[in-house]
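1. My questions are about this predicted structure, shown below with the sequence.
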Amino acid sequence: MKRQTFWNDLKNYKVLLLMLTPAVIFYLLFAYLPMAGIVIAFKRYDYAGGIFGSPWNGFDNFRFFFESGDAFRVTRNTALYNIAFIAVNNALQIFAAILLFEVGGKWFRKIIQSAMFLPYFISWVVVGAIAYNLLNYDIGTVNVLLRGLGLEPIDIYNTPAYWPYLLVLVSAWKGLGYGTVMYLAAITSIDTEMYEAAEIDGANIFQRIMKVTIPNLYPTVIILVLLAVGNIFRGDFGMFYNMIGNNGILFSTTDVIDTFVFRSLITSNDIGMSAAAGVFQSVLGFVTIMLVNYAVRRYDKDRALF
Amino acid sequence: MSATELNVDKSFAKATGVRKMDRKAFSVIGYVSLTILALLCLLPFILVVSSSLTNEDKIIIDGYQFIPADFSTEAYRLLFKYPEQIVRAYIVTICVTAAGTFFGLFLTSMTAYALSRKDFKWRNRFSFFFFFTTLFSGGLVPWYLLIVNYLNMKDTFLALVVPLLFNVFYIIVMKSFLSGIPEAIVESAKIDGAGDFRIYAKLILPLSKPALATIGLFLALAYWNDWYNALLFVSNENLMPLQYYLYKMLGNMEGMRKAMMGAGAVITTAIPTESLKMAMTVVATGPILLAYPFVQRFFVQGLTIGAVKG
Amino acid sequence: MQKKSGLIMLAIAMMLVMIMSACGNNNNNASEPSASSEPSASASSSASSSPAATETEGTAGASVDTSKEVKLKMIFVGPKPVDYDAVFAEINKKLKEKINATLEGEFLDWSDWAQKYPLKLAAAEDFDLIYSANWAGYNDQALKGGFLEITDEMIQKYMPQTWANMPKVSWGQAKVNGKLYMIPQNRGESVEKLILYREDLRKKYNLPEINSPESFATYLKTIAANEKGIVPFTPETGDWKYHNLDRVLLKQQNEWNMFDLDMPFAYKLTDEKGQVFNVYETQEFKDLMVYYKDLADNNAWSKNVLNSKNDHQQDFKAGKTASITHNNGTLGALMSQMRLENSPYEVKLADINQGKKKSVAISTQNGTSIHATSKNVERSLMLIELMQNDKELHDLMMYGISGVNYEPVGDDKYKATDKFQNFYGFSNWNFNSPLNRTDEAFPQEASDLVNSWEADVYHYPLETFVFDNSKVKTEIANVGNVMLRYGIPLEYGLVKDIDKGIADLNKQLKSAGLEKIQTELQSQIDAFLAKQ
């Protein structure tokens, strides 16, 4: 009987399943099949043996990370930075999207939107160079201004305390245009009747935003946050490396798993060890997203990722 | 009676007056904050453009400046030294972007639509099947082996398009957008006897223009900016996309200079590395910036339709 | 509920099938190397039966059957030269004549060779020869089985001239765990770092000649105090751990040698026993940190030196910095370049360790390896033999076509033409040999300086010792990380309390497993010396 339900379902969903087929094949081929390479993390890789023929070495490849004494610090840093990025970036993007929707004429909005997208196109290498140009002690713009005002220059590149703020700022700056587009699309999809209803109820613009716009953005926010949570233990290497580089003085507040692993393996370049670090990040991310998704499901089944 | 009526009218007028005041205050806040945000984004880019037009020595001594102190087009002349190569790179990028965005958008929206159907019992399982791939990956080596040794896609156009066709992030964002479309629309279409694919193509797609425009934009940007697939899979010069061409050019100029000098060979051509980096950003971004207002127009248009129907 | 997962089950089943078929394929691939190593094995056995051919001059192909034409493929690092077609056509004409083979080059651009190089080997792509070097991960790739082992017999049989001409030390240095996987370059390069500074500024302030650490410090401090806008010293970007100045002031000055700049171990060149010590625990290191701190406090370099990405050579040329360090070749070339461009600055090289012992680069700086899956081992070796020892082919490979890319000047110099850069800038240095020409424009004083060192070049018992780090990989990764984090700030005088900084550094190194590496290293050295 149960069997019958299954075949019935299959028949009912025939077209939907067909529509999913390209994606399923794609992910089987390009993601699940190479995923077998995870075994490299537990092997001493050599070319003759390849991925499957190389000898196993248990958890040896993980040792460098856990025995370094820095594992906890960099893991914590990675998660905290990502949480800060998720919170600040999304808040700022929602803020910008709401304003863009409510304020200004066609041209103003177009120009502002285009301008906000510009940082997305500047590579981290160039961002790092510009940051150095602004912040360095000797001829950096910030310090030139401070000196001009008769103030003491600040040695930003030798002061770890500034960097969490700077990095959050830079991340928000770079992602502003991209995220705003998404929220703008979400706002414009809100039923206009709801606005009219709010208007008739005598709500002013602030109330309308709080009562109509923002609640309607919840599904989008939840989805975007959930998507980001799975990768909370992966640092944006391009950003951290180009902003901080190899400045050990700043590592106490800026070192994330990815930069740490990069530095450890820069000389040995061992793919088994780097795979091990990746597996560690994956497992942590997996556990986190399962818990968070479970929590969201309990609260509202339709809002969860899966 | 009339007195109370008058009173109501008055308070209504007062309320609209307050609302107008609020509106004004809001507009001021809005204009000011948006302008500040936009300037923060614009200024560094001006710095990039200006530096790309500045003499290298000047940059080395004074850093980047907002106005080129010593104007020079050296970096651009170097970039366009082989104009046929860069034109070809542009063409490759445009073709890859166009093909990738078109097919990617079709496949993404189709997948997302199936996942968004609330009557589709297996949707969460499929979502998980897709999402899982963002958590675990086998790393570079198996991926490279797969594409080069098993799929034989090395030095093919497909190697530039296929790996980016699907992206879980886009699928799920699209799905969340499509979930916003009232179920009643699908139900009524079903009663009219429309099949699932027909509903998707004829009904859902036109209703989700904001989402399509957004995901289309993201796909286009991903294809436009991609150089990593080219790095791995393309060695044929005729297939080199712009970003990779530029990346390669800078790396080779630097590498060649160091290599030659290290071997004690005296070279006389200086490479303006700093301004070249900036010029590369401009050259790679320029066409998109020029095209964006047109896309935006479509975008804005799409938004209003979506807003009305949604 | 369980039934709904049917499709997922199907998917998983499909995946397993695919993985298994991939396994199968992979095994096929994996079996290739052993199959192709057959000819080389037979070659070596036949070689040992006819060792007489070794010392004779003349073409290597004489005793080998080359009747079947073969196509060889070699991977170079660096971009494909503009005149590749023309030059390789010439090269192939000669090769065809001599060993009935042709050569095709594949080039890994400087921008991405580091990613592609290991992938080419991992994917067992089809090629015969590959440029290899210590800085391109020679040891690691050899240990992973990317390269074919080359035996003495093979060299004697297929490359007699190389066997005769190559210094024995070079072979020893190129061995990994006692096995050879590379034909190294045949030319000792100087590795010692020099200082290039502004002679005009020295004269302006009437400073003593720069020939010692003290006079260099005086120069830097004077510039810092008097020349606004000029940074006295700029280090090389990405120059980590032991930076160029350390190599001058720590290694050369104290006549030490370090195995590997990624580990803090050194031994005295003169120490017969090869006693290894931790550099960071020495008084010499502490003194140097005091010297650096003093310089840093006097603004001898930028406060943000760790984040600066400025190219020190460009900075020097533009007059933004008053001194840099690098090797002789680079600095000499930079000097000539500045002179040719009529730079307003008078520049000069300084050796602040005059009379100290000098060492030359280890041979694995550049070399050629044979791919483990190559099917043309003999012809590949013969090709290397010709490239290093045949004047015509060597000139073609190194400088391009005579009269087009360069003008020969005598036997050992060349004059670059405007097309010189059309065949340059990729890694052909593995074919370096005594036949090399030098650039006519290279400053005489730079060559003289290096030549004057010849008396100081020191050969020492551990010259051919190669550390096998496979047992302490974890510790090496962690020690390297600690050196970067705690060592580098110290080395640029950025840590206020030197004693505490050094103590911290050593404490961290200890917990990273420094002692384990030291014990392993020492036992390998002892075993090595006992064998000699």
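-> Good, I have the coordinates.
2. Every contact and neighbour count from this point should use C-alpha atoms.
-> Noted.
3. Show me what counts as buried in the one helix or strand residue A:10 maps to.
-> Using DSSP states H and E, residue A:10 maps to helix A:2-12. Judged by neighbour count (16 or more other Cα atoms under 10 Å in any protein chain shown), helix A:2-12 contains these buried residues: residue A:6.
4. right, and the helix or strand after that helix?
-> Downstream of helix A:2-12, the next assigned helix or strand under DSSP H and E is helix A:14-27.
5. on contacts alone, who are the packing partners of that following helix?
-> Helices and strands in packing contact with helix A:14-27 are listed as helix B:83-116, helix B:123-135, helix B:196-198; criterion 3 or more Cα pairs under 8 Å, 6 or more residues apart in numbering or on different chains; DSSP states H and E.
6. Please name every helix or strand in contact with the helix or strand that it is followed by.
-> The first helix or strand that comes after helix A:14-27 along the chain, using DSSP H and E, is helix A:33-35. Contacts defined by 3+ Cα pairs under 8 Å, 6+ apart place helix A:33-35 against helix B:140-145, helix C:6-49.
7. Identify each buried residue in helix A:33-35, please.
-> Neighbour-count burial for helix A:33-35 [16+ other Cα under 10 Å]: A:33, A:34, A:35.
8. can you tell me the distance between the two ends of stretch A:7-17?
-> End-to-end distance of stretch A:7-17 (Cα to Cα, to the nearest Å): 13 Å.
9. Next to chain B in this structure, residues from the stretch 201-306 of chain A, please.
-> A:202-206, A:219-220, A:223-224, A:227, A:230-231, A:275, A:279, A:282-283, A:285-286, A:305-306 (Cα under 8 Å from any Cα of the partner chain).
10. burial measure for residue 183, as a count.
-> Using chain A here. 23 (other Cα atoms under 10 Å in any protein chain shown).
11. hm, I was asking about chain C
-> Residues near residue C:183, counting by other Cα under 10 Å, number 27.
12. So the residue nearest the centre of chain B versus residue A:120, what's the distance?
-> Centroid-nearest residue in chain B, with Cα atoms, centre = their mean: residue B:221, separated by 2.6 Å. The gap separating residue B:221 from residue A:120 is 10 Å, by Cα to Cα.
13. centre of the chain versus the host helix or strand of residue A:92, how much separation?
-> If you go by DSSP H and E, residue A:92 is part of helix A:71-102. Taking Cα atoms, centre = their mean, to the nearest Å, one finds the center of helix A:71-102 at 8 Å from the center of the full chain.
14. Next, give phi and psi for the residue of the stretch 151-300 of chain B found nearest chain A.
-> Ranking the residues of the stretch 151-300 of chain B by distance to chain A (Cα to the nearest Cα) places residue B:210 first, at 5.2 Å. Here is the backbone geometry of residue B:210 (degrees, to the nearest 10): phi -60, psi -40.
15. what do you get for residue A:297?
-> phi -60, psi -40.
16. Chain neighbours aside, what residue packs nearest to it?
-> residue A:304 (5.2 Å; Cα to Cα, 6 or more residues apart in numbering or on different chains).
17. Touching, that neighbour and residue A:221? I think so.
-> No - contact between residue A:304 and residue A:221 fails when scored by Cα atoms under 8 Å: they sit 11.5 Å apart.
18. low-confidence ranges in the chain?
-> I'll assume chain A. A:1-3 (pLDDT under 70).
19. Chain B was what I was after
-> Ranges of chain B meeting pLDDT under 70: B:1-18, B:268-269, B:297-310.
20. in the stretch 51-200 of chain C, what residue is nearest chain A?
-> residue C:144 (4.3 Å).
21. Grab the nearest non-local neighbour of that residue.
-> Distances taken as Cα to Cα, 6+ apart put residue A:46 closest to residue C:144, at 4.3 Å, once the chain neighbours are dropped.
22. what's the answer for residue C:354, then?
-> Nearest one to residue C:354, counting by Cα to Cα, 6+ apart, is residue C:211 at 7.0 Å.
23. ok but residue A:306 is inside a helix, no?
-> No - applying DSSP: H, G, I helix; E, B strand; the rest coil, one finds residue A:306 to be coil, outside a helix.
24. Quick check: it touching residue B:132?
-> No - with contact defined as Cα under 8 Å, residue A:306 does not reach residue B:132; the gap is 10.3 Å.
25. okay, those two: which has more neighbours?
-> residue A:306 (22 against 18).
26. Could you list which residues are in contact with the closest residue to that one other than its chain neighbours?
-> Sequence neighbours aside, residue B:124 is the residue nearest to residue A:306 in space, at 4.3 Å (criterion: Cα to Cα, 6+ apart). Counting by Cα atoms under 8 Å, 6 or more residues apart in numbering or on different chains, residue B:124 makes contact with A:305, A:306, B:115.
27. wait, which of these is closest to chain C?
-> When the contacts of residue B:124 are compared against chain C (criterion: Cα to the nearest Cα), the nearest one is residue A:306, at 13.9 Å.
28. In contact with that closest one, which residues are there?
-> Residues in contact with residue A:306 (Cα under 8 Å, 6+ apart) are A:293, B:123, B:124, B:125, B:127, B:128.
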